[in-house]
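Asks: based on what follows, work out the 3D shape:
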Amino acid sequence: MKSKLLITTVILFSILGCQKDQGPRALVALTPVKVYKAHEGDALQEIFNLSPGDQCAVGREAYEKMYGYYEVVCPGKGYGWVVMTGAPEYKVVDKASATQLVKK
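Replies: The predicted structure follows:
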C-alpha cells in the first residue's frame, strides 16, 4: 500500500514539475486585428480594432466549436477576445520580448 502511494506521488509530482509556467504574455499586433466582446455564441460582436504595434496583456485561452480565443486587455482600448489564427496578424510573446518586438 505504501509503495503504491509513493509511486503515485512521484508520478504526480513528475508530471506537475514538467509543466512550463508561461508567465505574463503580451499580444503584439502586426496587422489590424479585430477584438470581440465575447468568445461565445454564433454572432461575434466586434468592439474595437488593434493597429500594428498595439500591445495587449493576454489572459485566459478559450475554445468554442472550432476556434480558439485569447482573452486580452488593451490599454486605452478595453477588454475583449481575439481569435487564435495561424495567420501572421499578431504574435503572442512573453512581456519582456514585447517591447523588443515593437522596436524592430
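Asks: residue ranges for the helices of the protein, please.
Replies: 2-18, 95-103 (DSSP state H).
Asks: which of those helices has the lowest average pLDDT?
Replies: Mean pLDDT across the helices of the chain is lowest at helix 2-18; the value there is a mean of 40.
Asks: please identify the pairing partners of the strand of greatest length in the chain and their relative orientation?
Replies: Determined from DSSP state E, the single longest strand within the chain is strand 55-64. Each strand that pairs with strand 55-64, with its direction, by DSSP bridges: strand 25-29 (antiparallel), strand 67-74 (antiparallel).
Asks: pretty sure V35 is in contact with Q45, am I right?
Replies: No: using C-beta atoms under 8 Å, V35 is not in contact with Q45, being 10.2 Å away. For glycine as for every other residue, the C-beta is placed from the backbone atoms N, C-alpha and C.
Asks: could you check which of the two has the larger neighbour count?
Replies: Set side by side, V35 and Q45 show more neighbours around V35, with 23 against 9, by other C-beta atoms under 10 Å.
Asks: quick check: closest non-adjacent residue to that one.
Replies: Nearest residue to V35, sequence neighbours excluded (C-beta to C-beta, 6 or more residues apart in numbering): G80, at 3.9 Å.
Asks: same check on E40?
Replies: Closest residue to E40 apart from its sequence neighbours, by C-beta to C-beta, 6+ apart: E64 at 5.9 Å.
Asks: and the one you found, bridged to which residues?
Replies: Y67.
Asks: next, work out how far apart it and P88 are.
Replies: For E64, the distance to P88 equals 23 Å [C-beta to C-beta, to the nearest Å].
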